[in-house]
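J.: here are the coordinates; sequence isn't available:
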């Protein structure tokens, strides 16, 4: 039910959601990666509410918003009087999620000083609140999410490598919207219908040329940006058919065709050699991360795999 609410026509995304659905029946730690706005929290919620502990708490922690001086207390709790201002005991967010799911959003922003303590909790299932001398067991399913490349961050000393590998038991990678343009139509129709009902307005519709323009757009804000765009169109052009000319100027620029500056030389090129070289350069720059390599080339991961098999068959 919850996974069915995540709309997609992308074969890659459907496979990803299928894997996430299978994971929901286990207690394995999950690391969801993807650019901002791709729906990481939505997938985390679907995993939780499709699990056997769906009636238990789902606690979200925005690691980027944790004040460093209070982060340990907020996560692990504290005993009354354990520090100045601790006028009463606090159980902490990890303990508050007991029996359910702890969703650590933007885990890449967690202060290094706390990463070791989080690692200990993941390995032992125990927490030690500030001021306490005896650890206690807490049964919690952990799902983490990040838009960062944690493996690269660990190599650069910005994230603990041992914590990355402990979190990365079951990785789930969400594609950016520009790599699944087939989802633009189904998502935009859903959002336009939703906002028409929400604001009690006549439904706005997209003309074919407007849809094609949206499908060419690079969507730096991903699904969140599409949702905001549809709400704007629903209000400003309620009940109308939106043509490409009605779309904001940002949708006319920033498309792959407008960004290209390559000029074909008079003597021509060896297209296959050029394509092979570009594929190799993209893989090298992305350190063989196929999703990043596909992003550099402006194609989908499926299209990248097709071209790789063409030149380097297994």
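T.: Okay, I see it. Remember, predicted model here, so these are calculated numbers, not experimental data.
J.: how about low-confidence regions in the chain?
T.: Low-confidence segments of the chain (pLDDT under 70): 1, 81-82, 84-86, 253-262, 314.
J.: the domain parsing of it - what is it?
T.: The chain is divided into the following domains under automatic domain parsing: 3-175, 179-258, 267-311.
J.: The first one spans what distance, first to last residue?
T.: End-to-end span of domain 3-175 (CA to CA, to the nearest Å): 16 Å.
J.: mind checking how far it is from the chain centre?
T.: 14 Å (CA atoms, centre = their mean, to the nearest Å).
J.: What separation do you get for residue 161 and residue 28?
T.: 20 Å (CB to CB, to the nearest Å). Where C-beta positions appear, they are placed from N, C-alpha and C, glycine not excepted.
J.: by contact count, what packs against the one helix or strand residue 195 maps to?
T.: If you go by DSSP states H and E, residue 195 is part of helix 183-199. Secondary-structure packing of helix 183-199 (3 or more CB pairs under 8 Å, 6 or more residues apart in numbering; DSSP states H and E): strand 205-206, helix 208-216, helix 222-236.
J.: let's go with 6 Å and repeat that
T.: For helix 183-199, the elements it packs on are helix 208-216, helix 222-236, judged by 3 or more CB pairs under 6 Å, 6 or more residues apart in numbering; DSSP states H and E.
J.: So which elements touch the last one?
T.: Helix 222-236 makes packing contacts with helix 183-199 when contacts are defined by 3+ CB pairs under 6 Å, 6+ apart.
J.: Just the residues contacting the helix it packs on, thanks.
T.: 7-10, 203-204, 211, 214-215, 226-227, 230-231, 234 (CB atoms under 6 Å, 6 or more residues apart in numbering).
J.: and which of those is nearest to residue 268?
T.: residue 215 (30.6 Å; CB to CB).
J.: Would you enumerate the residues in contact with that closest one?
T.: 181, 184.
J.: Distance check, it against residue 39.
T.: 18 Å.
J.: re earlier: need the contacts of helix 183-199 in JSON lines (columns: distance to residue 46).
T.: Shown next, in JSON lines, are the contacts of helix 183-199 (distance: CB to CB, whole Å):
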{"residue": "7", "distance to residue 46": "12"}
{"residue": "8", "distance to residue 46": "12"}
{"residue": "9", "distance to residue 46": "18"}
{"residue": "10", "distance to residue 46": "16"}
{"residue": "203", "distance to residue 46": "27"}
{"residue": "204", "distance to residue 46": "28"}
{"residue": "211", "distance to residue 46": "27"}
{"residue": "214", "distance to residue 46": "25"}
{"residue": "215", "distance to residue 46": "25"}
{"residue": "226", "distance to residue 46": "19"}
{"residue": "227", "distance to residue 46": "17"}
{"residue": "230", "distance to residue 46": "21"}
{"residue": "231", "distance to residue 46": "23"}
{"residue": "234", "distance to residue 46": "25"}
